[in-house]
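Asker: Have a look at this fold, sequence not included:
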């Protein structure tokens with residue numbers, strides 16, 4: 001049976017590094033992002049590397065749309081064996097209110113990233129459990145484990161996503177399905193936020209010593225999926 005991996009949040013940084021890594025390991029790769037204009041270049045880059053791939057436009061925060069995309073992927077490629085969940089910020093230019101000013105509405109809005117993770121997981125997990133194999137990875141921010149007051153409502157949302165991943169890992173023990181968390185503290189090279197910050201050093205400051213190589217993260221992610229000796233990895237360049 002063909003092995004299929006889904007990358008939710010396919011972008012030029014970590015998303016594409018994950019796609020290339022899964023492809024090198026023999027998976028057909030389905031990319032999901034809300035930016036279809038980028039998809040032809042992504043698919044072409046993967047094809048050049050010998051990876052069978054296709055891209056699907058969907059917003060992870062639109063439940064009906066994202067679940068329909070997963071169904072379309074299954075119909076085209078077969079059962080989903082790996083799922084990487086790493087959607088980016090809706091608006092990379094928006095600075096959150098600090099935690100001292102965050103409202104309950106701010107937190108509810110930020111929590112959408114965790115709610116969407118639960119939706120997509122609930123859609124693919126039963127099949128993985130039935131087959132007795134599969135892997136789920138969730139990428140979140142460093143505020144999940146370290147107090148970062150300026151991130152405001154994003155911090156409890158990141159903590160919720162991390163806890164969801166770790167709790168899934170415990171619940172799935174012995175069933176052949178792995179769940180893990182990638183906690184990322186730093187600016188991922190080649191990504192949209194990296195480009196934005198690099199273009200305005202007078203506003204954001206320098207990037208020296210605060211960046212992360214997405215290929216390295218993808219390599220560690222594959223190690224988590226294959227070794228299954230731990231439930232998370234924390235990358236801290238801050």
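Answerer: Nice, thanks for sending it over. Values in this document were obtained by computation on a predicted structure and should not be read as measured data.

Asker: Now the helix ranked longest in the chain: buried residues?
Answerer: Ordering each helix of the chain by length in residues (DSSP state H) puts helix 112-131 first. Buried residues in helix 112-131, counted by 16 or more other C-beta atoms under 10 Å: 113, 114, 115, 116, 117, 119, 120, 121, 123, 124, 125, 128. (Each C-beta comes from the backbone N, C-alpha and C, glycine too.)

Asker: What is the end-to-end distance of stretch 5-20?
Answerer: Taking C-alpha to C-alpha, to the nearest Å, stretch 5-20 runs 11 Å from one end to the other.

Asker: ah, wrong one, I meant stretch 53-66
Answerer: One end of stretch 53-66 to the other measures 18 Å (C-alpha to C-alpha).

Asker: Distance check, residue 135 against residue 111.
Answerer: Using C-beta to C-beta, to the nearest Å, residue 135 is found at 24 Å from residue 111.

Asker: As a check, name the ranges of all helices in this structure.
Answerer: Going by DSSP H, the chain shows helices at 14-24, 39-48, 63-77, 104-110, 112-131, 154-171, 192-199, 201-204, 214-227.

Asker: re the thing from before, which one of residue 135 and residue 111 is surrounded by more residues?
Answerer: Between residue 135 and residue 111, counted using other C-beta atoms under 10 Å, the more crowded position is residue 135 (24 against 16).

Asker: looking at the helices of the chain, which is buried most?
Answerer: The highest mean neighbour count among the helices of the chain, using mean count of other C-beta atoms under 10 Å, belongs to helix 14-24: a mean of 24.

Asker: tell me what that helix is packed against?
Answerer: Contact analysis of helix 14-24 by 3 or more C-beta pairs under 8 Å, 6 or more residues apart in numbering; DSSP states H and E lists strand 4-8, strand 28-33, helix 39-48, strand 82-85, helix 214-227 as its packing neighbours.

Asker: on that earlier part again, quick one: mean pLDDT over the longest helix of the chain.
Answerer: What helix 112-131 shows for mean pLDDT is 98.

Asker: contacting residues around that helix?
Answerer: 6, 8, 60-61, 63, 66-67, 70, 79-81, 83, 85, 87, 134, 136, 138, 140, 157, 160-161, 164, 168, 172, 175-177 (C-beta atoms under 8 Å, 6 or more residues apart in numbering).

Asker: Pick out the shakiest of the helices of the chain, pLDDT-wise.
Answerer: helix 201-204 has the lowest average pLDDT among the helices of the chain, namely a mean of 70.

Asker: now the helices of the chain as TSV including distance to residue 182?
Answerer: Compiled in TSV, these are given as follows (distance: least, C-beta to C-beta, whole Å):
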stretch	distance to residue 182
helix 14-24	9
helix 39-48	20
helix 63-77	20
helix 104-110	19
helix 112-131	13
helix 154-171	9
helix 192-199	16
helix 201-204	23
helix 214-227	6
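
Asker: I'd like to know which of those helices lies nearest to residue 146.
Answerer: helix 154-171 (9.1 Å; C-beta to C-beta).

Asker: Name the nearest residue to residue 50, sequence neighbours excluded.
Answerer: Of all residues not flanking residue 50 in the chain, residue 23 sits nearest, at 7.4 Å (C-beta to C-beta, 6 or more residues apart in numbering).
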